[in-house]
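K.L.:
Need coordinates for the following:
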Amino acid sequence: MEHSVLVVDDDFMVAKLHGVYVDRTPGFRTVGVAHGAAEAVRQAARLSPDLVLLDLYLPDGPGLEALRRIREVRPRTDFLVVSAAKDTETVRQAQRLGAVNYLIKPFEQAGLRARLGHYRAAHLALAGTRTTDQAQVDRLFPVPGPVEAPARSGALSKGLPKGLSAPTAALVESALRAAGPEGLSASECAAGTGLSRVSARRYLEHFTATDRAGVHLRYGTTGRPERRYTWRS
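P.N.:
Residues are numbered from 1 along each chain as shown. The predicted model follows:
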């Protein structure tokens, strides 16, 4: 699954940089760039992006108004706001209008990568399913602190070793759940979550050690066998 992204920013160089950040994040591809509100609406109508990376300070109108107009023509498009606006009311308006996340400028590539990774993991958690459970819903609507859940609800019900974080564990768990019986290698998990291969391997091995995931070897024609991890239902 690859998510198409429309980048909207009035600054040509910033828009180009954000497009580079998006394209460097596994599972995402920039399909268009717009530098104003009207152009953003036209591009969204033409390209049908999965996600709009939306600046709020645009030369021909507020970014939030562009969000409303795009929603009218592409109701299934999501929005990740990237803006220097820090006032509480603007942030609340973006939330009310359905923005999936809000990133304050200036930011580093890692900040955008983490938010894109969360967005992708949330979609992977629900991919191919008609019904869901609370653990999967919590990927879409994260709850701060411990989440009340059944004993086998997932990574957050197990203690994490030093150096591992609950939000990242949730991303890896979602990727494993979405992979189904075929499972994932550490490289595939890294590509799907935006982690490095070494980091992905640490989380996968933790899940294996705590009996949340199983591991088996897949032998190829040459080289060492590949370790593949599957989530235990």
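K.L.:
which residues pair with His216 across the strands?
P.N.:
Arg228 (DSSP bridges).
K.L.:
Domain-wise, how is this protein divided?
P.N.:
Domains of the chain are assigned by automatic domain parsing as 3-107, 115-231.
K.L.:
Switch those domains over to CSV; also include mean neighbour count and mean pLDDT.
P.N.:
No exception for glycine: its C-beta is placed from N, CA and C like everyone else's. Formatted as CSV, these follow (neighbours: other C-beta atoms under 10 Å; pLDDT from 0 to 100):
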stretch, mean neighbour count, mean pLDDT
domain 3-107, 18, 94
domain 115-231, 16, 76
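K.L.:
now the helices for this structure?
P.N.:
12-24, 37-47, 63-73, 88-96, 109-126, 134-140, 166-179, 186-193, 197-209 (DSSP state H).
K.L.:
Leaving out chain neighbours, which residue sits closest to Pro106?
P.N.:
Ala84 (7.9 Å; C-beta to C-beta, 6 or more residues apart in numbering).
K.L.:
got a list of what the one you found touches?
P.N.:
Applying C-beta atoms under 8 Å, 6 or more residues apart in numbering, we find Ala84 in contact with Tyr57, Ile104, Lys105, Pro106.
K.L.:
so how far is stretch 11-24 off the chain centroid?
P.N.:
Centre-to-centre, stretch 11-24 and its host chain are 17 Å apart (C-alpha atoms, centre = their mean, to the nearest Å).
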